[in-house]
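*Asks:* here's a sequence, model it:
(chains A and B)
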Amino acid sequence: MSARKIRVLVAKPGLDGHDRGAKVVARALRDAGMEVIYTGLRQTPEMIVDAALQEDVDVIGLSILSGAHGSLVPRVMRLLREKGLEKVRVFVGGIIPEADIPGLRAAGVTAVFGPGTPTADVVAAIRAEQGAG
Amino acid sequence: MTDAAERIASGDRRELARLISRLEREDPEARKLLSRMHPRTGRAAVVGITGAPGTGKSTLVSALARLLRRGTAGRPPQTVGIIAVDPTSPFSGGAILGDRIRMRDLAGDDGVFIRSMASRGQLGGLSRATQSAVRALDAAGFETILVETVGVGQDEVDIARQAQTVIVVETPGLGDDIQALKAGILEIADILVVNKGDLPGADSAAASLRAMLGLGEPGRGGWQPPIVRTAGTTGEGVEALAEAVFRHREHLARSGEGERRELERARADLERLIRERLFARWQGAAAGDLAEAARKIAARECSPEEAAERLLK
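*Replies:* Below you'll find the model as predicted:
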């Protein structure tokens, strides 16, 4: 049996205009040996969770710059539970005020990465969560 | 409690997605499950889409899938499975699978299932598990399965052995009529597409391809590959492409060519399985000798041929 690859869906929910940060992270995960399903801009929570199901990913990385995380993230979490995907770990990156982080964690988000987080930290966090890889 | 094969056949998409992952990591239990599902397969029409990187394969797949879902020219709507393969990095083993970006119009439709696969070191334009994934989608009841290869060069023609109909996508500006004459990828085309047909040079690209086809005998099994001009982004020509796919499907059924290809495919698969099994069996019995033999070969103490002879005794 060949080695298990960590599969990560990188998605940008909401109406953000650019995805440079998400691309930088996607590239870093690729270079760390992960398979990154990149879905691009303006994804709805429904699209993200459907893609996560079809692609059988271990991790979802949500990049949000717009300030809409308060509504988008809980919807993603709820849909994941509805589809029986509660094992999928969700990471959030982008511009998230410090004060909102406890709320996102309570909603089930594994970790939140603010601007300036070294990509190595993101890789390490995913690996730790997935047990090596 | 029903078993996984039943659940997949009755539409459990999560189970289907998990089976494909297990097939990718060559889980023996998943292979057994697939083996049990074999009687349910063979109903889907498998269409391969191949061509150089950036020719618009994903956009075309998306447009074609949308049309098949809607039904076209008196044909009933079909369910569509899509497998899109992108390359694995030879250095890190990681991959960026970006074909879904072009397929966002298909989101939210339960009659479509899209799976991205990394090539994982396979060189023929597909991954080792692609064919198993096609069988899984077939058993799950998808009526048409579109398989998009890695962006290929001239020689990655594995798709010809795995699809019933192969669409080769070209664009204007990819080369002159000598490129069109070379052996390889154009030879496997059942349908030739000149995509980005709204760009300058589309006429001459189509003319080069037509001239190339005109030089030879009718293609495999008495079928003359049509040349279809499309613009994937606007959807222009996609209906004609769908029509060509249906016509080719009918040709396969009528001429017996479909059956011939199916037998060829079954035989090639069987040979590959036997090769893999024999190797695994040998490896199980003789593990450890390989490294020592490699050392001797590298040190010029014996030749690869002698080493292989000895190891197989």
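*Asks:* can you list the residues of chain A near chain B?
*Replies:* Residues of chain A that fall close to chain B, judged by C-beta under 8 Å from any C-beta of the partner chain: A:1-5, A:7, A:26-27, A:29-40, A:43-44, A:46-47, A:50-51, A:53-56, A:83-85. Glycine gets a C-beta too; all of them are placed from N, C-alpha and C.
*Asks:* next, the buried residues of the helix ranked longest in chain A.
*Replies:* The longest helix of chain A (DSSP state H) is helix A:69-82. Neighbour-count burial for helix A:69-82 flags A:69, A:72-77, A:79-80 (criterion: 16 or more other C-beta atoms under 10 Å in any protein chain shown).
*Asks:* try stretch B:73-84
*Replies:* Buried residues in stretch B:73-84 (16+ other C-beta under 10 Å): B:78-84.
*Asks:* swap in stretch B:248-261?
*Replies:* Within stretch B:248-261, the residues scored as buried using 16+ other C-beta under 10 Å are B:248-249, B:251-252, B:257-258, B:261.
*Asks:* compute the first-to-last residue distance for that stretch.
*Replies:* With C-alpha to C-alpha, to the nearest Å as the measure, stretch B:248-261 spans 13 Å from end to end.
*Asks:* surely residue A:108 forms part of a helix?
*Replies:* No. Per DSSP: H, G, I helix; E, B strand; the rest coil, residue A:108 lies outside any helix segment and is coil.
*Asks:* phi, psi of it?
*Replies:* Here is the backbone geometry of residue A:108 (degrees, to the nearest 10): phi 120, psi 0.
*Asks:* report how many residues lie close to residue B:22.
*Replies:* Residue B:22 is flanked by 22 other residues according to other C-beta atoms under 10 Å in any protein chain shown.
*Asks:* again, but for residue B:105
*Replies:* By other C-beta under 10 Å, 13 other residues sit near residue B:105.
*Asks:* quick one, what contacts it?
*Replies:* By C-beta atoms under 8 Å, 6 or more residues apart in numbering or on different chains, the contact list for residue B:105 reads B:62, B:66.
*Asks:* ok, now residue A:119?
*Replies:* Counted by C-beta under 8 Å, 6+ apart, residue A:119 has contacts A:24-25, A:28.
*Asks:* check contacts around residue 88.
*Replies:* Unless you meant another one, I'm taking chain A. A:52, A:57-60, A:80.
*Asks:* chain B was what I was after
*Replies:* Neighbouring residues of residue B:88 by C-beta under 8 Å, 6+ apart: A:35, B:94-95, B:118-121, B:127.
*Asks:* distance to residue B:32, pLDDT and neighbour count for those - can I get that in CSV?
*Replies:* Shown next, in CSV, are these (distance: C-beta to C-beta, whole Å; pLDDT from 0 to 100; neighbours: other C-beta atoms under 10 Å in any protein chain shown):
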residue, distance to residue B:32, pLDDT, neighbour count
A:35, 25, 96, 27
B:94, 30, 93, 22
B:95, 27, 92, 27
B:118, 24, 94, 27
B:119, 25, 91, 22
B:120, 22, 89, 19
B:121, 25, 82, 13
B:127, 20, 87, 25
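*Asks:* of the residues you listed, which is the nearest to residue A:121?
*Replies:* residue B:94 (17.3 Å; C-beta to C-beta).
*Asks:* my guess is the closest one contacts residue A:35, does it?
*Replies:* Yes. Residue B:94 sits in contact with residue A:35 when judged by C-beta atoms under 8 Å, with a separation of 6.4 Å.
*Asks:* mind listing the helices for chain B?
*Replies:* B:4-9, B:13-24, B:28-37, B:57-70, B:130-139, B:159-162, B:177-181, B:202-215, B:238-255, B:257-286, B:289-298, B:304-312.
*Asks:* on the three-state scheme, the residue most central in space within chain A is what?
*Replies:* Centroid-nearest residue in chain A: residue A:61, 1.2 Å away (criterion: C-alpha atoms, centre = their mean). Taking three-state DSSP as the rule, one finds residue A:61 in the strand state.
*Asks:* the spatially closest residue to residue A:34 that is not a sequence neighbour: what's it in contact with?
*Replies:* For residue A:34, ignoring the flanking residues on the chain, the nearest one in space by C-beta to C-beta, 6 or more residues apart in numbering or on different chains is residue A:6 at 4.5 Å. Residue A:6 sits next to A:33-35, A:58-59, A:126-127, A:130, A:133 when contact means C-beta under 8 Å, 6+ apart.
*Asks:* follow-up on the earlier one: mind putting the contacts of residue A:88 into JSON lines with pLDDT?
*Replies:* Putting these into JSON lines (pLDDT from 0 to 100) gives the following:
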{"residue": "A:52", "pLDDT": "97"}
{"residue": "A:57", "pLDDT": "97"}
{"residue": "A:58", "pLDDT": "97"}
{"residue": "A:59", "pLDDT": "97"}
{"residue": "A:60", "pLDDT": "97"}
{"residue": "A:80", "pLDDT": "97"}
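*Asks:* quick check, nearest of those residues to residue A:95?
*Replies:* Nearest to residue A:95 among these is residue A:60, at 18.3 Å by C-beta to C-beta.
*Asks:* next, the contact list for that closest one, please.
*Replies:* By C-beta under 8 Å, 6+ apart, the residues touching residue A:60 are A:8-9, A:11, A:48, A:52, A:76, A:80, A:88-91.
*Asks:* try 7 Å this time
*Replies:* By C-beta atoms under 7 Å, 6 or more residues apart in numbering or on different chains, the contact set of residue A:60 is A:9, A:11, A:48, A:52, A:88, A:90.
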